[in-house]
Structure formats: C-alpha cells, structure tokens
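> this one's sequence-less:
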C-alpha cells in the first residue's frame with residue numbers, strides 16, 4: 001500500500017459500479033474532485049446480484065482490516081429485478097429475498113466501524129426501447145423500467161428503516177426530459193450525461209450530511225498542502241504561490 005493513508009471511499013456493486021470510470025463516469029468525477037483528499041476504491045462486478053454480493057461480503061470488507069473505509073457506496077438491484085428463468089438459474093432474485101439480502105449487507109457494513117458512512121443507490125431506470133434482445137421466447141421482457149422502480153423503492157424503503165442514506169437514481173435520471181436519448185449507452189449502462197446526474201446526487205448527499213468529519217469534497221483537508229519553496233514563483237520574484245488548492249476547470253459545477 002502506498003502512503004500516506006487517506007480516507008477510502010469504496011464503490012461496491014454490479015456493472016453500474018464496475019464501469020463507473022468509463023467515459024467521464026461518476027466514479028471518475030469523484031476521483032477528480034477528491035484528488036489529494038480520498039482514495040476512490042472500485043469493487044464493481046458486472047452481472048452480479050445481491051445474492052452474489054452477500055456471498056463475498058466478508059472477503060471484500062473483512063472486519064479485521066487495520067483500516068475501515070470512510071464511505072461505502074453500494075448498488076445492487078437492476079440485475080435482481082430481471083425476469084425469472086424457469087430453471088431457477090440466472091440473475092433474478094425475488095423481491096422479498098432482495099430486501100433481506102440488502103438488509104444483511106447494510107447491517108454488516110454498519111458494523112465495520114463507527115466512522116464508516118454508507119450510501120445505497122437505488123436502481124436506475126432503463127430505456128427498454130434501446131435494449132437488444134430484451135424478451136424471452138414468449139415475448140416477456142427480461143428487464144423493464146417498472147421492475148427497476150419496484151426494486152428501487154424497496155431499496156429506498158429499507159434504507160429509511162435502517163437510517164442509511166439512499167439516493168433515488170430512478171427518479172433523478174427521469175427528471176431530465178430527454179433521459180431516454182442521452183443517459184444510456186445500451187439502455188442500461190450510463191453515458192457521461194447519465195453519470196453526471198448520479199455524481200451530482202452523491203455529492204449533494206455528501207454536502208448535506210451532518211457527518212463528523214465531513215466527507216464533502218470542499219471540506220476535506222488537502223494532502224501535503226503546506227507552503228513550499230518548490231511552489232511556483234510569485235510575481236514579486238521573492239516568494240512562491242501555494243497552488244495545492246487551486247480550482248481546476250469546471251470544478252464549480254459540482255458545488
């Protein structure tokens with residue numbers, strides 16, 4: 001491990017997480033804003049559902065780790081909501097089992113440390129018209145926007161019961177009138193525009209949460225922020241300018 005130690009933000013979920021650095025994705029946005037402040041750690045697994053996540057939860061987040069994450073962002077639900085296969089194989093998880101699985105995940109993560117903060121993401125919508133081969137031989141759709149809504153609302157409800165921060169991505173994306181045209185690569189995975197919505201919702205929670213210490217990117221200390229003779233030389237030619245906290249192009253968009 002490289003040092004010095006920074007707060008860790010772990011992103012844990014299925015493909016919405018695994019691909020969250022792709023094409024100006026929401027994890028890439030977080031990584032940019034939290035540069036020199038926190039490490040964004042990716043634990044995303046394409047195709048996974050809540051059953052799979054529960055199986056390996058203790059391997060990904062061992063209780064005996066010397067340092068526990070400061071923040072864990074969790075997303076499972078879209079794959080759980082797909083049409084059940086007669087064989088019992090595949091991604092589908094019945095709604096009540098999904099609720100139980102996510103509740104177990106939440107309770108376990110809350111037990112890691114008093115300092116570990118948690119945010120759950122509800123399932124995003126899908127653009128059914130954009131999905132290829134989205135039906136079985138009987139013409140039943142494998143994945144629907146309505147099923148995503150049902151699983152999203154279940155996730156948000158259990159988070160309210162457990163006093164965990166949750167984000168209604170399903171509604172947030174659909175507040176944009178042209179969401180079907182601009183938010184998806186393939187009907188499921190997010191474009192840069194879709195990711196921008198997710199990032200803004202996460203940053204809003206981090207800004208408004210009354211957590212100590214604050215995890216708002218504007219509030220967190222900058223690593224190695226002390227003045228240095230190696231900083232750029234000031235116009236007077238006798239001093240230097242500390243640029244460790246200088247804004248970068250477009251940063252104000254995320255306030």
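Done, it's in. Because the structure is predicted, anything quoted here is derived from the model rather than measured.

> low-confidence stretches in the stretch 1-150 of the chain?
Applying pLDDT under 70 to the stretch 1-150 of the chain flags residues 1, 133-141.

> where do the helices sit along it?
Assigned helices in the stretch 1-150 of the chain, in chain order: 15-18, 26-33, 50-60, 95-110, 145-162 (criterion: DSSP state H, counting those that start in this stretch).

> just the helices in the stretch 151-255 of the chain please.
With DSSP H, counting those that start in this stretch as the criterion, the stretch 151-255 of the chain has helices spanning 169-174, 179-182, 192-208.

> tell me which of the ones you listed is the most buried.
helix 169-174 (a mean of 21; mean count of other Cβ atoms under 10 Å). Every residue, glycine included, has its C-beta placed from N, CA and C.

> which non-adjacent residue is nearest residue 192?
Sequence neighbours aside, residue 24 is the residue nearest to residue 192 in space, at 3.9 Å (criterion: Cβ to Cβ, 6 or more residues apart in numbering).

> oh, that last question was meant for residue 115, not what I typed.
Computed as Cβ to Cβ, 6+ apart, the closest residue to residue 115 that is not its neighbour in sequence is residue 70, at 6.3 Å.

> and the gap between residue 37 and residue 113?
Residue 37 is 19 Å from residue 113, where distance means Cβ to Cβ, to the nearest Å.

> who has more neighbours, the two?
Between residue 37 and residue 113, counting by other Cβ atoms under 10 Å, residue 37 is the more crowded of the two (18 against 14).

> and the helices of the stretch 1-150 of the chain: which comes nearest residue 219?
Distances from residue 219 to each of these were compared by Cβ to Cβ, and the smallest falls on helix 26-33, at 11.8 Å.

> does anything pack onto the closest one? Which helices or strands?
Under the contact criterion of 3 or more Cβ pairs under 8 Å, 6 or more residues apart in numbering; DSSP states H and E, helix 26-33 touches strand 39-44, helix 192-208.
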